[in-house]
Every structure is written in C-alpha cells, then in structure tokens.
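Engineer: starting from these lines, generate the structure:
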Amino acid sequence: MDNIIQKTESAYDYQLLIKHLLNTPLTMFPEREIVYRDIKRYTYRDFYKRIHKLANGLGNSSGIYCWSNGLG
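Structural biologist: The predicted structure is shown next:
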C-alpha cells in the first residue's frame, strides 16, 4: 500500500487543531481586533485568554461526555 500522500512544501508543520489556529495572529498581531457583527470585539490576546479559560473550565469533561454517550 503506497497510497501515502506526500507532504508539500507549503504544508503546516503541525496539525490544524483549534489550539493552533490563533498562534500566528496572536504572535504577530496580539492587539488587532476580532469583530463579530459589530456586537463583540476582542483583541487576539483577549480572545486567546477567553478560549483558554473556557478550555480549562471544560477540562476533560467533553471527552468523558463523548465516551460515555458512545460518541467518542
């Protein structure tokens, strides 16, 4: 089975996980705003902090929920 897709030069060096999506804008533009429908405004730095606060609050409960319901 030699059906392995070869990595291209433009491919990312890491998996495209949610926790990686903000790495570049957080590093290069931490004070730039994310605007949602002129209702919510966050800098990348503040948005990153909110995401981590939510993730820490969830902990492993989301994985446990999926596993216990046969979804994981």
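
Engineer: how close does the nearest residue to T43 once chain neighbours are set aside sit to D13?
Structural biologist: Across the structure, with C-beta to C-beta, 6 or more residues apart in numbering as the measure, the residue nearest T43 apart from its sequence neighbours is E31 (5.2 Å). In short, each C-beta sits where N, CA and C put it, glycine included. With distances defined as C-beta to C-beta, to the nearest Å, the gap from E31 to D13 amounts to 26 Å.

Engineer: the more surrounded of those two?
Structural biologist: E31 (8 against 5; other C-beta atoms under 10 Å).

Engineer: show me what contacts the more buried one?
Structural biologist: In this structure, E31 makes contact with T43, Y44, R45, judged by C-beta atoms under 8 Å, 6 or more residues apart in numbering.

Engineer: of these, which is the most crowded?
Structural biologist: Of all these, the most densely surrounded is Y44 (19 neighbours; neighbours counted as other C-beta under 10 Å).
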